[in-house]
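1. coordinates only, no sequence provided:
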């Protein structure tokens, strides 16, 4: 167990290091510069003034040195300050992570429940219902998110006025308004993820249903729902959990789009602004938060494997 | 005598990656370049609404009024009262200064008499020394407005009096000290003591103050009334929220549902906004076109030829482009001002009628019968990149090949056109007084003159203009614009306004040619 934990810690640290280092390099080589963004394009700024701003921002240092400084501050609990507003990155992102996680977790929960339900029904029933569910899964998978976003906004916000078209309300401010504010982004993101989970569930369930122990359970006269709920789903769950983990991680990228469209103050929206401004500390902070989430999700997926399959527990 | 006056450099933007474009817009009308020593207070109103929600396409990079981009003025103007208020009708009214005047001849000494008893939102009382300290910080912070005051000195010359001594004549101090330019937004001593905090907090004497607890930087900015504001009847809302919505369509949807009350529109949503029953207003303000920057032929030799630059103007079918890209939004133009603006002459719009044959002749006469190749940088904002493509196709017919650099990244766009390495670029610019337009657009140090082109004749006209007043100055304004058109420093294509969309439950959003920009603190709840 200790060996497993040690292995997990080492791989997680390596991942965090790789993600932040790569982000640092990519952000640094992107066209434009934070210095230019800070001083503006004003040609009255002398080269000396430009150099002074560059020095103040620490951008006159070689790239490895800049990264080392960032790592040093990270190890001392600081992600640095926003180059423009001067706000500490932890403070700037602290208010945003709740918005992103609200949408991501709600999408995973909704698409997990719906996907498993659709996949299971499709596997059991086959026939017309199965084919319709299969077709819906393909349809959901193929729907462009930007188009779906426009449709749900037009229908459910503009026409019916059930939900707000834009914005986010914190759970602590008003739980009901919080729920209303995340419904449309979650619906937009759920179409594809539900389809992915439904397909995986269907395939896994079909494989489980073809195994001998299911035939044996049937021959003992157990009700179908007991076979599904107590035996088949448990055996089919590992690939589905894997898919859920992948979906969760994929949604981190999905927030960039959906937060823009629905004007939600989350990490994805901040990533766009930070990138356009070449705000390296903010970009690094967001990459770090995303990487932490990936590490946590991988841990949860591993724990789920162990919980679902005794063989996994035995090997760890 | 009437004279139009203007202002401000504005960054607007919003692309898929949330970028911004540098552009310059103009506004305001006054009664002369000399000061008004008396003004009227902003109209008092008893109507106080709940929440005014305004959408902006991009968040403020900073809330510091002395370093911010003027496109972000909405984020500052609610919290920082300017020294002089530019009214909706274009006139001036007292703000933190109750009166002002030039002393002596030559527009170099400007005296401000300050309002007594003004308190900042932190409860401290404004002094004349606070104003001087603010001006000195403006220079030190080296923000967008610092060049306008470079070399100037500031002194307390009375208990509540401040005198600006300008290094060079500056007839536009009243304009520069209005809300339009941020330079007159005075910061409290506490704010100046902690410049780092100016980025995320407000330290002004304006009608509102930032509610930091309800603000997510870059996304949602919430303002609540400043309990110490000196003119309480001018506070029209219990709360003002500026919401950042990156896409025009999402903004329009939010307005349809009533989540947003006011926003700046764009050509892509203009008709839809009208169809949705929103109040749409706009007034002439901007010209869009090409800056032929390399007039010395440093990068592209051909551009040093007047005939070549004129050929590009002759081979521009402005009417067709405007009908295709700016229908209902703009009018063809050949000058770097707008109807009614500084130096505007209707006759200048007949200088370069669309004539490809003449363009070819001019190119041949200049020694380029088969054309030449040049690059052109454009921002990926609005229809600017489409304008670049349209011009590229038209100019190809006379052999001029344009390599378009289409920058989705606005910082990269700004850096590219300011680098002095790209011979031409697409720009959106607002009409301005010549004294402001010169240092911004056509004088050697100007941002929009990255190759530092110079002309003794133009410099002479400019020098006369900033010292003149009244009809003499109006005539000089026209001479400057005529020089720029005749010498084809630019290829202006379209004159447009800046459209605003408003829901019907608010007022104060009307714009006029004299005052084409909506000011947030003039927006009030509609009386039912």
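-> All right, it came through fine. Note that the coordinates shown come from a computational prediction; the quantities given were computed from them, not determined experimentally.
2. C-alpha only now, for contacts and for neighbours.
-> Noted.
3. let me see the contact set for residue A:17.
-> Residue A:17 makes contact with no residue, according to CA atoms under 8 Å, 6 or more residues apart in numbering or on different chains.
4. tell me which element it falls in.
-> helix A:2-29 (DSSP states H and E).
5. so residue B:154, which of the three states?
-> Look at residue B:154: counting by DSSP: H, G, I helix; E, B strand; the rest coil, its state is strand.
6. just checking, it touches residue B:162?
-> Yes - counting by CA atoms under 8 Å, residue B:154 touches residue B:162, with 7.0 Å between them.
7. list the buried ones in stretch A:122-135?
-> Neighbour counts using 16 or more other CA atoms under 10 Å in any protein chain shown place A:122, A:123, A:124, A:130, A:133, A:134 of stretch A:122-135 among the buried residues.
8. now the residues you listed in CSV, with secondary structure?
-> Listed next are the buried residues of stretch A:122-135 as CSV, based on three-state DSSP:
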residue, secondary structure
A:122, helix
A:123, helix
A:124, helix
A:130, helix
A:133, helix
A:134, helix
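9. sorry, back to before: tell me, what's touching residue B:154 and residue B:162 both at once?
-> By CA under 8 Å, 6+ apart, the residues touching both residue B:154 and residue B:162 are residue B:132.
10. who has more neighbours, the two?
-> For residue B:154 versus residue B:162, neighbours defined as other CA atoms under 10 Å in any protein chain shown are more numerous around residue B:162 (24 against 20).
11. once you drop chain neighbours, what's closest to that one?
-> Leaving aside its sequence neighbours, residue B:162 sits nearest to residue B:156 (CA to CA, 6 or more residues apart in numbering or on different chains; 4.6 Å).
12. cool, residue B:451 as well?
-> residue B:420 (5.1 Å).
13. burial measure for the one you found, as a count.
-> Using other CA under 10 Å: residue B:420 sits among 20 other residues.
14. from residue B:456, how far out is it?
-> Distance from residue B:420 to residue B:456, counting by CA to CA, to the nearest Å: 21 Å.
15. let me see the mean pLDDT of the helix holding residue A:17.
-> Throughout helix A:2-29, pLDDT has a mean value of 85.
16. what are the structural domain limits within chain A?
-> With automatic domain parsing as the criterion, the domains of chain A are listed as A:32-78, A:89-315.
17. got JSON lines for these, with mean pLDDT and distance to chain B too?
-> Listed next are the domains of chain A as JSON lines, based on pLDDT from 0 to 100; distance: least, CA to the nearest CA, whole Å:
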{"stretch": "domain A:32-78", "mean pLDDT": "74", "distance to chain B": "4"}
{"stretch": "domain A:89-315", "mean pLDDT": "86", "distance to chain B": "5"}
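18. deepest of those domains, which one?
-> Of all these, domain A:89-315 has the most neighbours on average by mean count of other CA atoms under 10 Å in any protein chain shown, namely a mean of 19.
19. how about the closest residue in space to residue B:403 that isn't next to it in sequence, what does it touch?
-> Excluding the flanking residues, the one nearest residue B:403 by CA to CA, 6+ apart is residue B:375, at 4.4 Å. For residue B:375, the contact set (CA under 8 Å, 6+ apart) comprises B:402, B:403, B:404, B:405, B:422, B:423, B:424.
20. shaky segments in the stretch 301-450 of chain B?
-> The model of the stretch 301-450 of chain B has pLDDT under 70 over residues B:381-382, B:408-411.
21. helix or strand for the closest residue to chain A within it, which one?
-> Using CA to the nearest CA, residue B:412 is the residue of the stretch 301-450 of chain B that sits closest to chain A, at 4.5 Å. Assigned by DSSP H and E, residue B:412 falls within helix B:410-418.
22. who are the packing partners of that helix?
-> If you count contacts as 3 or more CA pairs under 8 Å, 6 or more residues apart in numbering or on different chains; DSSP states H and E, helix B:410-418 packs onto helix A:34-39, helix A:267-277, strand B:20-24, strand B:373-379.
23. any idea which helix or strand comes after the first one?
-> Following helix A:34-39 in sequence order, the next helix or strand is helix A:47-56 (DSSP H and E).
24. and the following helix or strand past that following helix, what does it pack onto?
-> Using DSSP H and E, the next helix or strand after helix A:47-56 towards the C-terminus is helix A:63-75. Packing partners of helix A:63-75 (3+ CA pairs under 8 Å, 6+ apart): helix A:2-29.
25. got the angle for the helix it packs on vs helix A:63-75?
-> 130 degrees (axes from the mean of the first three to the mean of the last three CA atoms, to 10 degrees).
26. could you list the buried residues of helix A:2-29?
-> In helix A:2-29, counting by 16+ other CA under 10 Å, buried: A:8, A:12, A:15, A:16, A:19, A:20, A:21, A:23, A:24, A:27, A:28.
27. how about the helices in the chain?
-> Assuming you mean chain A. A:2-29, A:34-39, A:47-56, A:63-75, A:89-125, A:127-142, A:145-152, A:175-209, A:212-219, A:224-226, A:233-261, A:267-277, A:280-308, A:310-315 (DSSP state H).
28. looking at chain B here, not the other one
-> Ranges of helices in chain B, per DSSP H, are B:73-77, B:128-141, B:173-176, B:189-193, B:248-256, B:270-275, B:306-314, B:318-325, B:356-365, B:384-396, B:410-418, B:434-437, B:456-467, B:470-486.
29. quick check: buried residues in the last one?
-> Neighbour-count burial for helix B:470-486, with 16+ other CA under 10 Å as criterion, is recorded at B:473, B:474, B:476, B:477, B:478, B:479, B:480, B:481, B:482, B:484, B:485, B:486.
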